[in-house]
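# Below is the structure, and that's it, no one-letter string:
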Ligand SMILES: [Zn+2]
């Protein structure tokens, strides 16, 4: 049985500025700056310079619930 490693990236919503969590299924170099669907379903632009932190006050509560 292989262990599933979930890689989460931080992505910022285009209109709201809220940070969402995005599951990375590709290598990070391919997703930087790309719009991805966050775990809550929102569209957000991946920023690999940021680290997803569900406890941050700018973070999406739905994403925080889904990945915790
Ligand atoms: Zn979200």
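On my side now, so go ahead. Predicted model only: the values in this text are computed from it and were never measured. Residues are numbered from 1 along each chain as shown.

# In contact with the nearest residue to residue 64 once chain neighbours are set aside, which residues are there?
If you skip the residues right next to it in sequence, residue 64 has residue 54 as its closest partner in space, 3.2 Å away by Cβ to Cβ, 6 or more residues apart in numbering. Where you see a C-beta, it was placed from the backbone N, CA and C, and this is true even at glycine. Residue 54 makes contacts with 21, 63-64, 67-68, as judged by Cβ atoms under 8 Å, 6 or more residues apart in numbering.

# can you list those in a markdown table and add pLDDT and secondary structure?
Written out in a markdown table, the entries for the contacts of residue 54 read as follows (pLDDT from 0 to 100; DSSP: H, G, I helix; E, B strand; the rest coil):
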| residue | pLDDT | secondary structure |
| --- | --- | --- |
| 21 | 95 | strand |
| 63 | 96 | helix |
| 64 | 95 | helix |
| 67 | 89 | helix |
| 68 | 78 | coil |
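
# for the residues you listed, which one is nearest residue 48?
Ranked by distance to residue 48 (Cβ to Cβ), the contacts of residue 54 are led by residue 21 at 13.3 Å.

# Report the beta-bridge partners for that closest one.
residue 10 (DSSP bridges).

# if we can go back for a sec, are we agreed that the residue nearest to residue 64 is in a helix?
No: applying DSSP: H, G, I helix; E, B strand; the rest coil, one finds residue 54 to be coil, outside a helix.

# and residue 67, how many neighbours does it have?
In terms of burial, residue 67 registers 18 neighbours under the definition other Cβ atoms under 10 Å.

# correct me, but it touches residue 9?
No: between residue 67 and residue 9 there is no contact, the gap being 11.2 Å when judged by Cβ atoms under 8 Å.
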